[in-house]
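Student: 3D model of this:
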Amino acid sequence: MLRRSNPRPLTREDEARLIEQLRANIAFEHIAVSVLVGAGVAGALSFVANIALDAGLGGSVSILLATAFVRALITMFLVFLIGFFAGVAVMTPLFRAMEKAKRRSIPPYVAAAFAIALVALFLAGAFPGGSAPGPAGWVASLAGAGAMVFVFAQRIRSLWAAADRAETQDQSSPQALH
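Tutor: From the prediction side, this is the model:
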C-alpha cells in the first residue's frame with residue numbers, strides 16, 4: 001500500500017500535473033525502446049553496408065568481417081548515445097509541448113529525428129580528429145532514425161488513444177458539467 005506524505009486530497013491541478021508527468025514518463029519509455037531498436041537497425045545496416053563496400057577491395061574474409069563488426073558496434077553505440085541524449089533533450093520536451101497543445105501527430109517527431117541525425121552526421125567530421133562518415137554511416141544513421149520514428153509511432157498511438165478517451169470521458173462526466 002502506498003502512503004502519501006501529504007494527507008490532503010489531490011486537487012484537479014495536482015491530478016492534471018500527475019497525469020502529465022505519467023504520460024511524459026511513458027512517452028520517454030517508448031522513446032528509449034525506439035532508440036534501442038534504431039541503434040540495432042543502424043548497426044545491422046552498417047555491418048551489411050561495410051561488407052558490401054569493402055568486399056571489392058579484396059583481402060581476408062575474417063578481417064573484412066571483423067572490421068565490419070567493429071564498425072557496426074561503433075555505429076550502434078553512437079546512434080544509441082545520440083538517440084538517448086536527443087530523447088532526453090529534444091523528444092521528451094517536444095512530447096510535453098505537443099501534449100500541452102493537444103496536438104498528437106507524428107510529423108513533428110519525424111522532422112526532429114531526421115534533423116538530429118543530420119546534425120550528428122555533419123558534426124561527426126567537424127571535430128579535430130573526427131572523420132566524416134562514409135556512405136555506410138549515412139545510410140545506417142538515417143535508417144536508424146527512420147526505425148526510431150516508426151517504432152515510436154507504433155508504440156505511442158496507444159497512449160494517445162487512451163489520452164483521447166480519458167479527455168472525452170472527462171468532458172462528459174457530471175463533474176465537468178458543474
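Student: Leu123: neighbouring residues, count only.
Tutor: 12 (other CB atoms under 10 Å). No exception for glycine: its C-beta is placed from N, CA and C like everyone else's.
Student: do you know how far it is from Ala117?
Tutor: Going from Leu123 to Ala117 by CB to CB, to the nearest Å gives 11 Å.
Student: Same question for Ala24.
Tutor: 23 Å.
Student: what about those two, which has more around it?
Tutor: Ala117 (25 against 15).
Student: is it true that the more buried one touches Val139?
Tutor: No - the pair Ala117 / Val139 is not scored as a contact, 11.2 Å apart, by CB atoms under 8 Å.
Student: Give me the secondary structure label for the residue positioned nearest the centre of the chain.
Tutor: The centre of the chain sits closest to Ile31, judged by CA atoms, centre = their mean, with a distance of 4.0 Å. Secondary structure assignment for Ile31 (DSSP: H, G, I helix; E, B strand; the rest coil): helix.
Student: gap between it and Thr11?
Tutor: In terms of CB to CB, Ile31 sits 30 Å off from Thr11.
Student: again, but for Gln169
Tutor: Counting by CB to CB, the gap from Gln169 to Thr11 is 19 Å.
Student: can you check Ala101 too?
Tutor: Distance from Ala101 to Thr11, by CB to CB: 23 Å.
Student: what's the answer for Gly83, then?
Tutor: Taken as CB to CB, the span from Gly83 to Thr11 is 37 Å.
Student: between those two, which one's more packed in?
Tutor: Gly83 (28 against 9).
Student: pLDDT score for the residue nearest to Asp164 when sequence neighbours are not counted?
Tutor: The spatial neighbour of Asp164 that comes closest, neighbours along the chain excluded (CB to CB, 6 or more residues apart in numbering), is Arg104 at 7.5 Å. Predicted confidence (pLDDT) for Arg104: 90.
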